[in-house]
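> below are the sequence and a predicted model for it; my questions follow.
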Amino acid sequence: MKNNQIMRSVAAIGIIFFGTALVLANIGIISWDIKEAWLYFYPAFFVVLGIKWTWDGIKYKSGITLGSFLVIFGGLLLLDRFGVLFFSFTDVYKLWPLLLVYLGFSIFGNSTKRKRRRKFQFIFDTDDLRGNRKFPKKQRLAVGEHNFSEPNWRVEPMDLWNAVGDYHIDFTKAFIPDEEIPISIQGWAGDIRVLMPENVELSIEAQVKAGEINVFGMNAEGMNREIFYETPNYKQATRKLDIFLSMKAGSIRVDRV
């Protein structure tokens, strides 16, 4: 489980730093003042953990956002400790422009590789799996909400993206044509809520970088989580939905009535 790997990494780095500090204190290189040591310990911990998560993100193509942020944040705290500049823990809000930097990279850095596997499985550390689906022109909003719940609204191919915002899509109230319809819904932060009727064949790929996914009662939560689900008659059906849901931070829930 990925959560166990993360906890092992955190514990291992903490033990390494603690042991190193004890050795340096015992041979007289540093003085063991717990308060003073802590001011250097946790920023250095952030940097080392961030480097590891960044490396893992590059290696497994799971994203480097959180890891690189920890490196930058911890590095600034260390520079403050050594008197190079002034930066305190509460100055973290000053790093909000990094969201724009990550946003810029995400716009042209998304992978289009898709990996189909078994009918249902949990997948950890995966790429963007949209593949070669044909979508209409992407609709982008910096901040906003999408709500599809009007009676008899017509389902058409859609490709939606928000930096921050929620989605609520009720297919039980929709008119769904007799064709395969691709739907892509993505965002940086927010929630996606989807309500499906019983009589529609569908394929769903849902992923979050940090958060929770629940698809028809099947749950995955934590970092870099993904669920793939396909109804039994999806491949043979002429009327079907091909759905891709993705959030950097937030939750995705798909229910059936």
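Cool, the structure landed. Since the structure is predicted, the reported quantities are computational estimates derived from the model, not experimental observations.

> residues contacting residue 88?
77, 80 (C-beta atoms under 8 Å, 6 or more residues apart in numbering). No exception for glycine: its C-beta is placed from N, CA and C like everyone else's.

> so what does it have for phi and psi?
In terms of degrees, to the nearest 10, the main-chain angles of residue 88 are phi -110, psi 170.

> check what pLDDT it gets.
Residue 88 carries a pLDDT score of 83 in this model.

> residue numbering should commence at 399 henceforth.
Sure, I'll start numbering at 399, so the last one becomes residue 486.

> for it, give its distance to residue 589.
32 Å (C-beta to C-beta, to the nearest Å).

> which elements pack onto the helix or strand containing residue 650?
Using DSSP states H and E, residue 650 sits within strand 638-654. Helices and strands touching strand 638-654, by 3 or more C-beta pairs under 8 Å, 6 or more residues apart in numbering; DSSP states H and E, are strand 578-594, strand 599-613.

> with distance to residue 548 added, can I get those in CSV?
Output for these, formatted as CSV (distance: least, C-beta to C-beta, whole Å):
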stretch, distance to residue 548
strand 578-594, 13
strand 599-613, 21
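
> residue 609 and residue 643 touch, don't they?
No: Residue 609 is beyond contact range of residue 643, at 11.4 Å (criterion: C-beta atoms under 8 Å).

> who's more crowded, these two?
Neighbours were counted for residue 609 and for residue 643 using other C-beta atoms under 10 Å; residue 643 has more, 25 against 20.

> beta partners for that one?
residue 583, residue 604 (DSSP bridges).

> mutual contacts of residue 609 and residue 643, please.
With C-beta under 8 Å, 6+ apart, residue 609 and residue 643 have common neighbours residue 650.

> coming back round to it: give the rounded mean pLDDT of the strand holding residue 650.
Mean predicted confidence for strand 638-654 is 91.

> what's the angle between that strand and strand 578-594?
10 degrees (axes from the mean of the first three to the mean of the last three C-alpha atoms, to 10 degrees).

> can you pull the buried residues of strand 638-654?
638-646, 648-652 (16 or more other C-beta atoms under 10 Å).

> from the residues you listed, which is closest to residue 601?
Checking those against residue 601 by C-beta to C-beta gives residue 640 as the nearest, at 5.3 Å.

> so the closest residue to that closest one other than its chain neighbours versus residue 556, what's the distance?
Excluding the flanking residues, the one nearest residue 640 by C-beta to C-beta, 6 or more residues apart in numbering is residue 580, at 4.6 Å. To residue 556, residue 580 is 8 Å away according to C-beta to C-beta.

> same deal with residue 544?
Taking C-beta to C-beta, one finds residue 544 at 9 Å from residue 556.

> wait, doesn't residue 596 sit right on residue 614?
No: assessed by C-beta under 8 Å, residue 596 is found out of contact with residue 614, at 11.0 Å.

> these two: who's more crowded?
The neighbour comparison of residue 596 against residue 614 (other C-beta under 10 Å) goes to residue 614, with 15 against 7.

> ramachandran coordinates for the more buried one?
According to degrees, to the nearest 10, residue 614 has phi 50, psi 40.

> now swap in the one 10 residues further on and tell me
Dihedral angles phi and psi of residue 624 (degrees, to the nearest 10) take the values phi -150, psi 140.
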